[in-house]
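1. Attaching a predicted model along with its sequence, questions to come.
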Amino acid sequence: MLDWKQNLRRISDFLFVILTFALYFFSLINWLPFHIASLEGFSGIAIIRAGLFAVTLFVFLHYLSSAKKLGTIFSAVLLFALFIELAPHFPLKENRSDYNPDAIRICTYNAQGYQSENWFRFFPQMGEDVAIVQEVLVADSLNLRAQGETFGYETVFLSMHPRNEIATAILTRLPVSDVDTIKVDSFNDRKRSFLCVTMSKGDFTFHLVGLHLEPVRSSHVDASYAKSWTARVRQSKVIAAYVRNLEGPVIVAGDFNATPTDRSIRAIRKGLFDSWDVSGTGWGGTWQRNLPIFRIDVVLYRGFRKATNPWRFLLSKSDHRGYQVDLVP
């Protein structure tokens, strides 16, 4: 009977060692000097990182209760590393303030191909100065422009999907002084395009880059999960280099199709503030609308004093929640 219990304990100890190594592998894979796209696309998701943290905590408590010093140290180091990575993306104090007329109220929303009559009318009601809307039907562009003119929005429209059937629209009430196009590689020699719009509010001038990065998987092109992730890495590097060369305040916003902990968008995030991290509270998920555990709709910035009044909202039947925030010059 004693031998049976000892054997069971040895097996348990061995399995915990294997589990510890597996946790290290999946936790650190996002920081290796080379890419393993098929695994990184999965392990880099914020909710998966949170799961790794929970399992590592369980392993740490097991080693601690078993008085296994080496295992306790190894698991504690990993636990600390995951905590440092995740903590900034789970803010605990929301930054709320009265509306500042000098602030720029901006939102990003993925319309998922629904006609603009189902969602546009809400933007003036919400007081948006600028809206970046992804997956707008190109066939709906004239209707969108007409609605924009009715409510005082200048519509900057750009076809950005390889099929040229859907596009990203940037709607703004602010004066536009320049529009530039950024082209990046997609699949099968196709291109995606993004806009950089220079606009101003009073004497304050800033650049806005509106994004809709490569989806996790696309049925319209030869795009596996790994290929999509790799394409996002390439696109992010191009966008990051472009943003670095811009002078003055910058906003980078849109549907990133990746959570903040994903390595594929690390290049873009470098040097920019995440408006949710500094003003929101909790997880901040925007997809899927009924169980929003993935925060992929994001507003990043530099050159503004602060971000306030973050809000996630539901419009039409899109599977995304929109995200709005005030940026104060």
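-> Everything's here; your move.

2. Can you give me the distance of the residue nearest to residue 43 when sequence neighbours are not counted to residue 59?
-> The spatial neighbour of residue 43 that comes closest, neighbours along the chain excluded (C-beta to C-beta, 6 or more residues apart in numbering), is residue 26 at 4.7 Å. Heads up, the C-betas are built off the backbone N, CA and C, glycines and all. The gap separating residue 26 from residue 59 is 13 Å, by C-beta to C-beta, to the nearest Å.

3. got it, and residue 133?
-> Taking C-beta to C-beta, one finds residue 133 at 44 Å from residue 59.

4. Of those two, which one has the most company?
-> residue 133 (29 against 22; other C-beta atoms under 10 Å).

5. element containing the more buried one, please.
-> strand 130-137 (DSSP states H and E).

6. again, but for residue 158
-> Applying DSSP H and E, one finds residue 158 within strand 154-159.

7. Neighbouring strands of the helix or strand of the chain with the lowest mean pLDDT in the sheet, and parallel or not?
-> Here the helix or strand of the chain ranked lowest by mean pLDDT, DSSP states H and E is strand 154-159, holding a mean of 78. The strands beside strand 154-159 in its sheet (DSSP bridges) come out as strand 166-172 (antiparallel).

8. Could you point out the helix or strand that follows the strand it pairs with?
-> strand 176-185.

9. Neighbours of residue 243, how many?
-> Neighbours of residue 243 (other C-beta under 10 Å): 22.

10. Which stretches in the stretch 1-150 of the chain count as strands?
-> Here the stretch 1-150 of the chain has its strands, by DSSP state E, counting those that start in this stretch, at 104-110, 130-137.

11. where along the chain do the helices fall?
-> All helices of the chain, identified by DSSP state H, fall at 2-28, 37-43, 46-65, 69-86, 122-126, 141-150, 225-244, 266-269, 275-279.

12. which one is residue 197 nearest to, not counting chain neighbours?
-> Nearest non-adjacent residue to residue 197 (C-beta to C-beta, 6+ apart): residue 208, at 4.9 Å.

13. Is the one you found in contact with residue 249, as I believe?
-> No: at 9.6 Å, residue 208 does not count as touching residue 249 under the criterion of C-beta atoms under 8 Å.

14. neighbour-wise, which of the two wins?
-> Between residue 208 and residue 249, counting by other C-beta under 10 Å, residue 208 is the more crowded of the two (26 against 17).

15. Spit out the contact partners of that one.
-> 106, 130, 132, 170, 172, 195-199, 250-253 (C-beta atoms under 8 Å, 6 or more residues apart in numbering).

16. one more time with 7 Å
-> 130, 170, 197, 199, 251 (C-beta atoms under 7 Å, 6 or more residues apart in numbering).

17. Please apply the same query to residue 229.
-> Neighbours of residue 229 in contact, by C-beta under 7 Å, 6+ apart: 37, 40-41, 264.

18. Quick one: the residues you listed as JSON lines, columns for pLDDT and distance to residue 139 too.
-> Shown next, in JSON lines, are these (pLDDT from 0 to 100; distance: C-beta to C-beta, whole Å):
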{"residue": "37", "pLDDT": "78", "distance to residue 139": "34"}
{"residue": "40", "pLDDT": "85", "distance to residue 139": "37"}
{"residue": "41", "pLDDT": "83", "distance to residue 139": "32"}
{"residue": "264", "pLDDT": "93", "distance to residue 139": "31"}
